[in-house]
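A.B. asks: requesting a structural model of the entry that follows:
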Amino acid sequence: MSSLKELIIQKLKDKFGSVNFEFSEFRDELTVLFDKKNVVEVCRFLKDDNELQFKLCEDVTAIDWARSKNRFTVVYHIYSIKNGFRLALKADVDESGCSIDSVSSVWKTANWEERETYDMYGIIFNNHPDLRRMYMPEEFEYYPLRKDFPLMGIPGSIPLPKK
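C.D. replies: Numbering: from 1, shown residues only. Have a look, this model is predicted:
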């Protein structure tokens, strides 16, 4: 493991001693899984730390595991231009609450990415400044990227455009 990865792990453990982090590495990418209640504080720290400087949030998306407990995992791909290093952050979200705090106050780009994730998966981003659908009509009651959404869609659920 590179010294930057070790630095990230050590800094997170030192700063957030009570948070249970799970670190994994695959194909030279470090992934950090932690409780969703800490998402804003962890993201702000990673962005503002002078040595790390993860100033760019490249993507916010989700994984639908189609299971009852912790059905979803919200995934953040962030990048440190200073270090030329990409980091994946993950936080599990259960289906009953289906919400996580917004990180749009940390990275402005997260605004649109969280809206897209909300629109496609139905995950609510608490304290988001403008959480509304991007692709689907507001009155559409389904979330197309959920595993329980039929591949061919739901006939009659949305009117098709006229030719």
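
A.B. asks: can you report how many residues lie near residue 28?
C.D. replies: 9 (other CB atoms under 10 Å). (Each C-beta comes from the backbone N, C-alpha and C, glycine too.)

A.B. asks: for the chain, which segments count as strands?
C.D. replies: Along the chain, counting by DSSP state E, strands occupy 22-26, 29-33, 56-64, 72-80, 85-93, 99-101, 124-126.

A.B. asks: and stretch 36-43, how far out from the chain middle?
C.D. replies: 11 Å (CA atoms, centre = their mean, to the nearest Å).

A.B. asks: list the buried ones in it?
C.D. replies: 36, 38-40, 42-43 (16 or more other CB atoms under 10 Å).

A.B. asks: make JSON lines from those and add pLDDT and distance to residue 30 to it.
C.D. replies: Formatted as JSON lines, these follow (pLDDT from 0 to 100; distance: CB to CB, whole Å):
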{"residue": "36", "pLDDT": "97", "distance to residue 30": "19"}
{"residue": "38", "pLDDT": "98", "distance to residue 30": "17"}
{"residue": "39", "pLDDT": "98", "distance to residue 30": "17"}
{"residue": "40", "pLDDT": "98", "distance to residue 30": "20"}
{"residue": "42", "pLDDT": "98", "distance to residue 30": "14"}
{"residue": "43", "pLDDT": "98", "distance to residue 30": "15"}
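
A.B. asks: just give me the closest of these to residue 76.
C.D. replies: residue 43 (7.0 Å; CB to CB).

A.B. asks: circling back: right, so of the strands of the chain, which gets closest to residue 110?
C.D. replies: Here strand 56-64 is closest among the strands of the chain (CB to CB), at 5.0 Å.

A.B. asks: which other residues reach that closest one?
C.D. replies: 43, 71-81, 86, 93, 103, 106-107, 109-110, 113-114, 116-117, 120-121, 123, 145-147 (CB atoms under 8 Å, 6 or more residues apart in numbering).

A.B. asks: now that strand, how far from the centre of its chain.
C.D. replies: Per CA atoms, centre = their mean, the centroid offset for strand 56-64 relative to its chain is 4 Å.

A.B. asks: what of stretch 69-76?
C.D. replies: Distance, centroid of stretch 69-76 to centroid of chain: 8 Å (CA atoms, centre = their mean).

A.B. asks: just the residues contacting it, thanks.
C.D. replies: 33, 36, 39, 43, 57, 59-65, 88-95, 98, 100, 103, 110, 117, 121, 123.
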